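>>> below is the sequence, then the predicted model.
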Number of protein chains: 2
Amino acid sequence: MKNSDAMSLTAALLGATGSLVQDIQTGVVAHGFDDIRPTHGFVFTRLAPDGATVTDIAAHLGFTRQAASQIVDELERKGYVERRPHPDDARSRLILLTERGWRCTRAAEASAAEAVRPWVEMVGERRLLALRDELVRLAPAGPIRPSW
Amino acid sequence: MKNSDAMSLTAALLGATGSLVQDIQTGVVAHGFDDIRPTHGFVFTRLAPDGATVTDIAAHLGFTRQAASQIVDELERKGYVERRPHPDDARSRLILLTERGWRCTRAAEASAAEAVRPWVEMVGERRLLALRDELVRLAPAGPIRPSW
DNA sequence: CACAGTGGGCAAGCTGCTTGAGTATGTAAG
DNA sequence: CTTACATACTCAAGCAGCTTGCCCACTGTG
């Protein structure tokens, strides 16, 4: 593969990903959740359905635990999550989505579906799911770094 | 398409893109260019081959012109780019890659090729180029936002 | 030759993450 | 049971990187 092809593939991935994230963000805001950013949404995906600890969230975002803790502070203050004592470890805390957090998560999912609709119309659902599976195989499970 | 499919597609795109960007960054650092970030690389891709103005760069990154100007300051100070008077407009300045800037760009391209090599081995070059073209069709030419 | 529009940059401010330090709890060895 | 070390979390301070507000220089239009 030519070097320039590798670069254009990178650019294409960046463009598509950024566009999709931006569309979802716009949709979430349109649903009335205008006090959060995409990063917070990445937290929600980690929290659903069974909750997680601050350390889990930090690993998921590729941040320090302190940063993750601050983000949880903010989400707690805004009513999206709540800290509970962890059932198995008194050092830890289990962070759970509140009802508001769940509503926001569902709004994000609906916005995502809306955002990919033109994609479905262009290449078809079957092809899109294949693309997803292919991407997962190519880059299995790293942290979701929301910034570079 | 189910809402959850849209979300998992988003997650897959984020994961693959982040992984690739991170691998390229690692490669660039390994080539000795350890004083720059992926954002600077996105600037380089816009500057090659004919240069660009600060306004062009700002649009490409989705930043303000002031932020783009600061980034150019830094790259100039580090010897990657230089500001020239613009041949057609005395208000503007044409920003060009220096020899060092070109070397870094080539290092980034080589690193990108290296980073996608396992992908080529997994799904084949033909398939990867098709994926690129598909992504470009799905999300044509927005700004490359390096953070959310 | 006014005047609105555009390209660029200085300075200050703020957001969001990191680094550093400290407390509470868990785990394991003697 | 005690000592020692590791883990989970958080408070506080620091700082990088982007924005907001302002300004000047040049363009092009009537």
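Yep, it's here. This is a predicted model, so every value here is computed, not measured.
>>> could you use CA atoms for every contact and neighbour count after this?
OK.
>>> can you tell me the helix or strand for the residue nearest the centre of chain A?
When chain A is reduced to its mean C-alpha position, the nearest residue by CA atoms, centre = their mean turns out to be A:Phe42, at 2.5 Å. Under the criterion DSSP states H and E, the helix or strand holding A:Phe42 is helix A:38-47.
>>> do that helix and DNA strand D meet?
No: judged by CA under 7 Å from any atom of the strand, helix A:38-47 makes no contact with DNA strand D; its nearest approach is 12.3 Å.
>>> got a list of contacts for the lowest-mean-pLDDT helix or strand in chain A?
The element with the least model confidence among the helices and strands of chain A, by mean pLDDT, DSSP states H and E, is helix A:125-138, at a mean of 90. Helix A:125-138 is contacted from outside by A:119-120, B:1, B:5, B:8-9, B:12-13, B:15-16, B:119, B:122, B:131, using CA atoms under 8 Å, 6 or more residues apart in numbering or on different chains.
>>> try 7 Å
Contacts made with helix A:125-138 from outside it, assessed by CA atoms under 7 Å, 6 or more residues apart in numbering or on different chains, are listed as A:120, B:1, B:9, B:12-13, B:16, B:119.
>>> and the spatially closest residue to A:Ser147 that is not a sequence neighbour, how many neighbours?
Counting by CA to CA, 6 or more residues apart in numbering or on different chains, B:Ser147 is the residue found nearest to A:Ser147 once chain neighbours are left out, at 4.0 Å. Using other CA atoms under 10 Å in any protein chain shown, B:Ser147 has 14 neighbouring residues.
>>> what of A:Asp34?
Neighbour count of A:Asp34, defined by other CA under 10 Å: 12.
>>> circling back to that earlier point, just the contacts of helix A:125-138 now: which is nearest A:Pro38?
Of all these, the one sitting nearest A:Pro38 is B:Leu13; the distance, using CA to CA, is 14.2 Å.
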